[in-house]
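Asks: sequence unavailable; structure follows:
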């Protein structure tokens, strides 16, 4: 992504040194980075979106940002696989949480869009931590305002292309249908990886097919491996791509803390590989959603999410 | 409450016999009662209202009815303190859950009011299990349609008379202010027991005082005992009274599974005494709310709620 | 399996629609199906057998049916891998739990056999949820009464062919030795998949060898994959086959909630593949046992069990 | 209790010194005492009876002895309230667990009676840790063989005088009815403290009344305090008394880890007072039962049990 | 405490408004206050001391500050019992955590003393959150350097006056013996409330008696109530008093998350009363220690600690 | 390893028979073996080292030995994969725990070295259960005193070759750097398997490279499999090899209960394979460390550790 050379007032933000200050000390921010709320000072903003009013089964992701922050205390800066220190590469900080309204999904969507816009306008990118998957819609709206329609890589057990639940159009099961309808996504520009589990009927994939969504089911991924995804990602090079990662793409053994867990999912190793396969894409934003701490055990879901978040930062 | 003599088609509903069928067997209904959805067949309906879209802090009470049902499997029918078998006295059954919309508080309110009305029209009474405290408002609306404005006995750590949160009028912190505004409650006819904990400012009690709400704080109750409540309840005899029990009135040691726990609360013994003190009131309906299973430990909150529910049935 | 064309009085049973009634609402039955206790109305009956008096280490599976019911609320009807909606294909419902006697294994065996027989006589098939593995013996007795000796496919970490524990012949470690002795299983007609872990001595496999049990150890399965099982299953085509799935065949990371967990087990993906490999067999009954909710974490074992149960329904 | 002066071969057993060996070190025995299995060497034997085949609702107490052992590691030897070091007063050790048969309640009863007898014959007393409440029957049989019928002080939420469950005579709900029938308890010699909760019908107390059981309900105890019990205990002085403590006498907030928890129970403070009130009785044996670790939270039930066990040792 | 009138550069710190920004949003600081690390800007500093290298049984309090911060998100500013908003009264903020060394207790003591000194020198007071009880010693050293020997009010199950463990002088069982030896506490100026449980021998109270420590055991407090403490506190008026609150003074039912839990403890109501009884004392500093999140259940210990912390702020 | 033929006084130690005494009975020792503290009687000693004063993030491994003992109750003696009963082959017993000092890492190191020496001198081998990874240093010192510098096979997510933390030289992140510096390990003789996750900088591997440490990262192992390790192990045949297994080499899904969990790790199946690949090496000692029970879920980490311990015994 071509970025204008920006000027900054503050020194380059660094994570607190864990060889001096133990990892369990201090006010927990994402990756132990400084808490900076000035959009002008950031190239990459880690943003919490603690909203779960879009969930249709278990609630809980409103506490996602808080727990991912805590578990991210264990992250060190150098990625020996990708050979990168993302904090050295981009000015990255904890931007804090957006002020959601837990009582209204529509009001929250407005607040998210409004909250993220200054970051984008200042030339930064937002790496968001949900919250449930409904938050991707206002994020795509904000991104769309700057970049126009984008390509989407979605890691998810479910395609989230349903039309409505209980008569409501907005929920964590419908964001990408709405995004297509609103022109935020282009036909043929969406890749979904990790789909699996039962659906309501065989017609549930009609919308996806009509919009030429590329799908790699979990079964296909388990039998064919990373190569099948790498091949499909070829078509995304050079485009503005948005990444959305629903933690339920991972198997409940690895990520029990989520709202609609689905067995037969990916392992942590596979998920790391998948994110690393995104290297080289022109990523305009991303989100990691559906971490539901009340359903987590031993904080392993938040810990995995913190690590996946770090890997996402490494491929920006 | 004067009740018309009603005719019923089905035999008198009884809990499944636990000396023959072990308590861990079977599809769990409230108190192991039959699941009956015909309002004409019931005098007392146990109704689940699994909605938590009104919570401002932790979510979770949407699973309240499910867990209270399970823990109620341990309830036996005879209450040796009150000397009553409530299932023998009233035709009581599990009416099931109302079809809430987790994505919209307004739509849910409509569904609750509409769902409860047939029961009231048929001459029955609803004993509802939340769900968060916002559900009391549509319940009071339904009750009000039949009985006009009612008196209210509220067991709660918080008075739930705030005006709004995040710019929204409906939430679990505002139901009784709305109820006053809508004329569902009369000035001087509300008793709140167990209030405690910090508030936002000393003005937080102004609305209560303006509407002559009678308050017994937890501190007052701890020092003065049940007598102070018994005395105030005198004024409620002969009136149509609605009972609302927010489980957070109980101390977190006894009821950890709730959304806004407040230390310094009541013990289980005190809460049992309080419900038993309601005997003789003309109760037109009641609800038990804010049981949040994801935050429970050892299911003790759901177990306590199931027992309190039984005691409520005993004083009907 | 050739089935006589049956006549039914009730409409075809359907799961409650989750797009209208949220998954957390209602009295939890298996797969949100109706609760039907008339054997004449069912082709496939989901039956709970909440007995754990046969356990030799941890107890707990008596709560298996209850938790599998709850977690099955997330199941949708269409299986996109097997391209089938099992509820549309067979009249399927929750038959409830059999009335076990937790104080006596012999009395419980009688009750199970007696409880399951009307279903079989009416031409239905029982898909049972334990309970510990001892319940397979009375189930095989009931099946044997109708079908004579059957073939057995057993997914299990242990072969459960021990002779006795503490001087007792009946337990969850001995059902299949008893079944061989009682003529319910024929030599050479049993396949065990997933065996692993320590045994008492190298003589522990003598009985299995004497009865020509086909064994695929976990180590063999991990190195050779599904093909080794598919090949062996060839010999089972056309025969009356009973399926028994002890959840401990799966690794404790995926299924911690079981009584005698064994490391080095199968993943959820492997287990799904294995069940799907059963398609085309003439299955006369099946059970899924040893889900022990008190030892589960995050309900992932019950969730996996619910999904495996669904897959079993899909291959009937 | 008249005890013959005994000779011992081993040195006086002492708990491991915690100022030198940290409390988390070593193989966990009761109170960090030596593990001694020779009945001739002990005056007081701490005995585990890990049997839960008598439970009618939740299972789990088979792990009671193990967890009470672990939590007892925190116990120091001097009781400043009773001014006694029980380990200095009596030769006390961990006798280990009796070899129960989890598959048969009758066989287990035989094993318990046989296992405890050598201790009693050698002149020692057994302080037993269950296991469920059914184990009190064989213990009373063993005690009865030596002492004839005894008096009983029972701390319990339930009177455990039911006749049968599921057609079975032996369970954790029936031991004291059987004991009366077998002549192990005399009419008028049983005191039950802490009874509460629902029963099946008002006839449930008939048996107790017929045998002149003295009952102090939880409600009576809460309103009248320790004095009511002290008065009734007067009649037990000078008699051979057996103490049985079902941990469910304590409220679930203090003791969640039990099989049939009942709200409205005693606090830890009240329970300590009650045991201390036993001082001066001629105690011939005692048991502490129904600690169910799988249902415990934070091990607080096992910790409380370990402390109550210590207090019991202090009043011997 | 006479305080010089100070000048401040920053605006008066306020907690984030929870009616606008939901309580689950944002980077968690103590009481949602700003994070301010400049000692010159604060009158009262909330300071985390995440050290547990002094524990002799369970470790874990190193995570105390983090969890108390989180749970303090529920605190509102106005205390209706004490009629005070402590944040309005004093400039109060989250000062962050001191940089402890988990590998060395001596080095940590130096870091604590050095870290707290600038606050005291600037005229502020530190309200510290442990960490284990060993941290009170360096805190008393820092306080002593400014104020000379102080009086001490200690809420605790244990007197923490032991001499050594495992040959080591510094631990969470020895801080106040060291403090006496170092001249930081004067004879007759220490009050301990809530002592209970077993000790090693009757000599364990010799040191306390020699230094005329005033002791109110839990048993005395349970029988005599708050009056006995109020009477003893009379002698502390007008003196420089340090408050130390070991959360294990509270019963494990209310505070399971601690390292050496002791049954028979105080309730939350009693503990609130006790802190409120401190009003009017000249408090020069305080600490709340031994919250051990890994052993907590449902976060109720951290929640109680957060509330007690608030009450402490209210009596400053 | 050449061993002198030794003479023994006691009979050959055997695990308690689980077909007679249920697995949940008795005082829990490692593998239900006798507790023998006489070094002269043992060829292989299972030794607990409950020290966690070297942890830099989460504490807790001080309870590792206790929980591994408990979970090892499920181990049976015959390993069908390796075709060996290790208890029959070597005189093996539970040696108990070494008397660590939780307040001092240096004092603990002395105690460990001193405690292990008599075992080695008597000709036995120690299989140690930590505790945190710092304990490997004193163990290597003791081993080095007998065998001189040894080769090391290390299964670990981290290389533990850092120089210091918080200014301290001894911790769980530094043992092998110290061991190299002290001449306990020879250059080129260390193999590390399973390394992964972020490090502080790319210089973090300099020390390892300088000492010619052979590294197989988790990524390499996942893509190349066991063969890559088997090839490297070739160079270790015939040498005195010490094995150290940090449980965090396994993925958090399989081993959540550890202090510095790292996603992307090994499965239980892979770890079993790795240990089995050690067969034929001349193993002079081994340790299994960093099991942290307070962070475990469902005890699966302790269970896995118990099984890995058994496999280690099988390759001795």
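Replies: On my side now, so go ahead. Remember, it's a predicted structure, so these values are computed and weren't measured experimentally. Numbers count the residues shown, from 1 in each chain, chains lettered A, B, ... in the order given.
Asks: any idea how far the lengthiest strand in chain A is from the chain center?
Replies: The residue-count maximum for a strand in chain A (DSSP state E) belongs to strand A:185-195. Per C-alpha atoms, centre = their mean, to the nearest Å, the displacement of strand A:185-195 from the mean C-alpha position of its chain is 15 Å.
Asks: sheet-wise, list the partners of it with their directions.
Replies: For strand A:185-195, the paired strands and their directions (DSSP bridges) are strand A:150-155 (parallel), strand A:214-217 (parallel).
Asks: so who does the residue in the stretch 51-200 of chain A positioned nearest to chain E touch?
Replies: At 4.1 Å from chain E, residue A:97 is the closest residue in the stretch 51-200 of chain A, using C-beta to the nearest C-beta. C-beta: built from backbone N, CA, C; applies to glycine. Contact analysis of residue A:97 by C-beta atoms under 8 Å, 6 or more residues apart in numbering or on different chains lists A:47-50, A:65, E:21, E:25-27.
Asks: now the strands: where do they sit in the stretch 1-150 of chain A?
Replies: A:44-49, A:92-97, A:125-130, A:150-155 (DSSP state E, counting those that start in this stretch).
Asks: adding mean pLDDT and distance to residue F:135, write those out as TSV.
Replies: Conversion of those to TSV gives the following (pLDDT from 0 to 100; distance: least, C-beta to C-beta, whole Å):
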stretch	mean pLDDT	distance to residue F:135
strand A:44-49	98	37
strand A:92-97	98	36
strand A:125-130	98	37
strand A:150-155	98	40
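Asks: minimum distance to residue F:163: which of those strands has it?
Replies: The minimum distance between residue F:163 and those falls on strand A:92-97, with 27.1 Å, by C-beta to C-beta.
Asks: relative to strand A:125-130, how tilted is that closest one?
Replies: Compare the direction of strand A:92-97 with that of strand A:125-130 by axes from the mean of the first three to the mean of the last three C-alpha atoms, to 10 degrees and you get 50 degrees.
Asks: residue A:248 touches residue A:157, doesn't it?
Replies: Yes: checked against C-beta atoms under 8 Å, the pair residue A:248 and residue A:157 is within contact range at 4.5 Å.
Asks: shared neighbours of those two, anything?
Replies: By the contact definition C-beta under 8 Å, 6+ apart, residue A:248 and residue A:157 are jointly contacted by A:260, A:262, A:265.
Asks: whichever of these end up buried, select them in ChimeraX.
Replies: Selecting only the buried members of the shared contacts of residue A:248 and residue A:157 in ChimeraX, with burial defined as 16 or more other C-beta atoms under 10 Å in any protein chain shown, works like this:
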select /A:260,262,265
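Asks: where does the stretch 1-150 of chain A get nearest to chain D, which residue?
Replies: Scanning the stretch 1-150 of chain A for proximity to chain D using C-beta to the nearest C-beta identifies residue A:60 as nearest, at 19.7 Å.
Asks: please apply the same query to chain A.
Replies: Residue nearest to chain D within chain A: residue A:297 (14.5 Å; C-beta to the nearest C-beta).
Asks: what pLDDT does that residue get?
Replies: For residue A:297, the model assigns a pLDDT of 97.
Asks: cool, residue A:1 as well?
Replies: The model reports residue A:1 with a pLDDT of 42.
Asks: do the same with residue A:6
Replies: Confidence for residue A:6, expressed as pLDDT, is 85.
Asks: for it, list the residues it contacts.
Replies: A:43, A:122-123.
Asks: if we go to 6 Å?
Replies: By C-beta atoms under 6 Å, 6 or more residues apart in numbering or on different chains, the contact set of residue A:6 is residue A:123.
Asks: give me the distance between it and chain C.
Replies: Note on residue A:6: its distance to chain C, by C-beta to the nearest C-beta, to the nearest Å, is 44 Å.
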